[in-house]
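Visitor: Give me the fold of what follows.
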Amino acid sequence: MGIETRVPNTSLLIDLVNGDAPETISTSGLYVDIDKRIIAPGIIPYGVNSALWSDGASKTRFLALPGLSQVEFSRDGDWAFPANSVLVKNFYLDLVGDDGTARRQIVETRFLVKVGDTFEWKGFSYQWNAEATDAQLLFTSRTESYTTVDATQPDQSRQLEYLFPAPEDCGSCHTFGVGQVLGPRTSQLNGDYDYDGVVAHQLTTLNHLGLFTQDIGSDFSDFPRLVDHLDEAAPIAMRARSYLQANCAHCHLPGGLRRTEIDLRFDTPLDQMGIVDAESGVDDLGGEDRRIVRPGIPDNSVLLLRTLELGEQRMPPVATSIIDPVGTDVLRRWILSLGMPTAITESLSRPQQTQLLGNYPNPFNPQTSIRYTTATQGVVELTIYDINGRRVRVLSALTRPPGEYVSHWDGRDEAGRSVASGVYVVRLRQADVTQSHRLTLLK
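Guide: Predicted structure coming up:
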């Protein structure tokens, strides 16, 4: 087991309803010993399967829940965190010192804080001083120049213009469309983590600690899971789709960006992503006969070309000033693989499992779309319940062949009356499969 027992977090406690974010990391309660960088008791480390590219920065991540409070687990959707939860991410750069040697040094810490018991999260950036003895809260964005080791040429250095985001910048990635929380979710934590020399499965460890309000079991083989795009042993399609999920899908999903109607989420079938041989309505890169993804021709694929830009056309558009050499190579190889005769048609095969995929938007008002798949033909029941388990409305009770489907709920009950704001549950049932997902109606 990665961590044997859980102790309460009594130090990193931030209540934005009744106060402000701490002005320094030393006063935040994150560390019990800031000089030795020892994390305070009750704060739980975690890692992600597929990391966001941040100009080569290395990161450490932590969960700080008040006391022994718990998370409502969701297999496919958003985890529901308790009031005043704090998600921590430290950023390290390989800096070149005055003597020419490289050293890994912490440069930034970010807090993502849940505002009381609301659905809102706020982000804060702290810049560490040159001696790495403390970090100061930033109220506006700023750029700092660092001399770093070039990851593609370790014997050479380069100047990095590193961006520290302002609090309002955090919403660019932490959107309501993806539940605002990007890292701590099933697909990212369904894998092993090195707990100071003890390698253990993260979901097993968190379940053992009682972090969740329910026992999630011990078999996660059919749970969603991203892969590390650096893992050469993984299929190239899995690596590319995981990379797109971590770096792009927080904006490029249904309802996320109106300029481009594409869906780059990991679990979206290839033929439904809206990218294969699709014209780009915002392609201002020049060139002829380009498509968002031109199978087998990466140099005519806008999806790749934008990741290779450093100007206004760059994707992702914020907080990066260096091209990701490995990530872009993975995308290139994936697009090349799509030129194989069976690559596209394989995506048309029937779903492998009956699965409730979640809903968008969430929270919603006045309507939300609920996606699900069926692996076998049979009667599919899709029902809305209130938080007390009372049935609100039956959305579907039809025989469905294998495939992917979308149902819509307009926030009304069986009698056509608008229901009150609050948390509801949608339940999918087909044969011996039953899955549930939380919906939040805001008015």
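Visitor: where along the stretch 101-250 of the chain do the helices fall?
Guide: 186-189, 202-208, 236-247 (DSSP state H, counting those that start in this stretch).
Visitor: Rebuild those as a markdown table, extending it with mean pLDDT and distance to Thr109.
Guide: (Each C-beta comes from the backbone N, C-alpha and C, glycine too.) Shown next, in a markdown table, are those (pLDDT from 0 to 100; distance: least, CB to CB, whole Å):
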| stretch | mean pLDDT | distance to Thr109 |
| --- | --- | --- |
| helix 186-189 | 93 | 20 |
| helix 202-208 | 96 | 21 |
| helix 236-247 | 92 | 20 |
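Visitor: nearest to Leu428, of these?
Guide: Of all those, it is helix 186-189 that lies closest to Leu428, at 16.5 Å by CB to CB.
Visitor: which helices and strands does that closest one pack with?
Guide: For helix 186-189, the elements it packs on are helix 202-208, judged by 3 or more CB pairs under 8 Å, 6 or more residues apart in numbering; DSSP states H and E.
Visitor: could you redo the last one with a cut-off of 7 Å?
Guide: Here helix 186-189 touches no other helix or strand, going by 3 or more CB pairs under 7 Å, 6 or more residues apart in numbering; DSSP states H and E.
Visitor: and it, C-alpha only, in CSV?
Guide: Taking C-alpha atoms only, helix 186-189 is exported to CSV below (Å, rounded to 0.1, in the frame of the first residue of the first chain):
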residue,chain,number,x,y,z
THR,A,186,-10.5,8.4,-12.6
SER,A,187,-8.8,8.3,-16.0
GLN,A,188,-5.8,10.2,-14.7
LEU,A,189,-5.3,8.4,-11.4
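Visitor: residues in contact with that helix?
Guide: With contact meaning CB atoms under 7 Å, 6 or more residues apart in numbering, helix 186-189 is reached by 46, 48-50, 74-76, 202-203, 223-226, 266.
Visitor: Please tabulate the residues you listed in JSON lines and include distance to Thr147 and neighbour count as additional columns.
Guide: As requested, the contacts of helix 186-189 are arranged in JSON lines below (distance: CB to CB, whole Å; neighbours: other CB atoms under 10 Å):
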{"residue": "Tyr46", "distance to Thr147": "31", "neighbour count": "20"}
{"residue": "Val48", "distance to Thr147": "28", "neighbour count": "22"}
{"residue": "Asn49", "distance to Thr147": "31", "neighbour count": "22"}
{"residue": "Ser50", "distance to Thr147": "29", "neighbour count": "26"}
{"residue": "Ser74", "distance to Thr147": "43", "neighbour count": "20"}
{"residue": "Arg75", "distance to Thr147": "45", "neighbour count": "19"}
{"residue": "Asp76", "distance to Thr147": "44", "neighbour count": "18"}
{"residue": "Gln202", "distance to Thr147": "35", "neighbour count": "24"}
{"residue": "Leu203", "distance to Thr147": "40", "neighbour count": "22"}
{"residue": "Phe223", "distance to Thr147": "42", "neighbour count": "15"}
{"residue": "Pro224", "distance to Thr147": "40", "neighbour count": "17"}
{"residue": "Arg225", "distance to Thr147": "38", "neighbour count": "19"}
{"residue": "Leu226", "distance to Thr147": "33", "neighbour count": "25"}
{"residue": "Phe266", "distance to Thr147": "36", "neighbour count": "19"}
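Visitor: surely Val302 meets Glu279?
Guide: No - contact criterion CB atoms under 7 Å: Val302 and Glu279 do not qualify, at 9.2 Å.
Visitor: Find the residues that touch each one of those two.
Guide: Common neighbours of Val302 and Glu279 (CB under 7 Å, 6+ apart) are Arg291.
Visitor: returning to what we had before: between the helices of the stretch 101-250 of the chain, which gets nearest to Ala83?
Guide: Comparing those by CB to CB, helix 202-208 comes nearest, at 19.1 Å.
Visitor: So what's the gap between the closest one and the chain middle?
Guide: Helix 202-208 has its C-alpha centroid displaced from the chain centroid by 19 Å (CA atoms, centre = their mean, to the nearest Å).
Visitor: So what touches that helix?
Guide: Helix 202-208 is contacted from outside by 1-3, 46, 189-191, 193, 212, 215-216, 218, 220, using CB under 7 Å, 6+ apart.
Visitor: can you list the residues that contact stretch 321-339?
Guide: 53, 55-56, 151-152, 160-161, 229-230, 236-237, 239-240, 243, 293, 295-296, 298, 301, 303-304, 307-308, 310, 343-344.
Visitor: Check stretch 379-389 too.
Guide: Counting by CB under 7 Å, 6+ apart, 370, 374, 391-400, 407, 409, 422-430 sit against stretch 379-389.
Visitor: what's the average pLDDT for it?
Guide: Per-residue pLDDT over stretch 379-389 has a mean of 91.
Visitor: By mean pLDDT, point me to the weakest helix or strand of this structure.
Guide: strand 403-409 (a mean of 78; mean pLDDT, DSSP states H and E).
Visitor: Can you pull the phi/psi pair for the residue nearest the centre of the chain?
Guide: The chain has Leu182 as the residue nearest its centroid, 2.7 Å off, counting by CA atoms, centre = their mean. Main-chain dihedrals, Leu182, degrees, to the nearest 10: phi -100, psi -40.
Visitor: thought it was touching Ala249?
Guide: No - contact between Leu182 and Ala249 fails when scored by CB under 7 Å: they sit 9.4 Å apart.
Visitor: Perfect, I'm done here.
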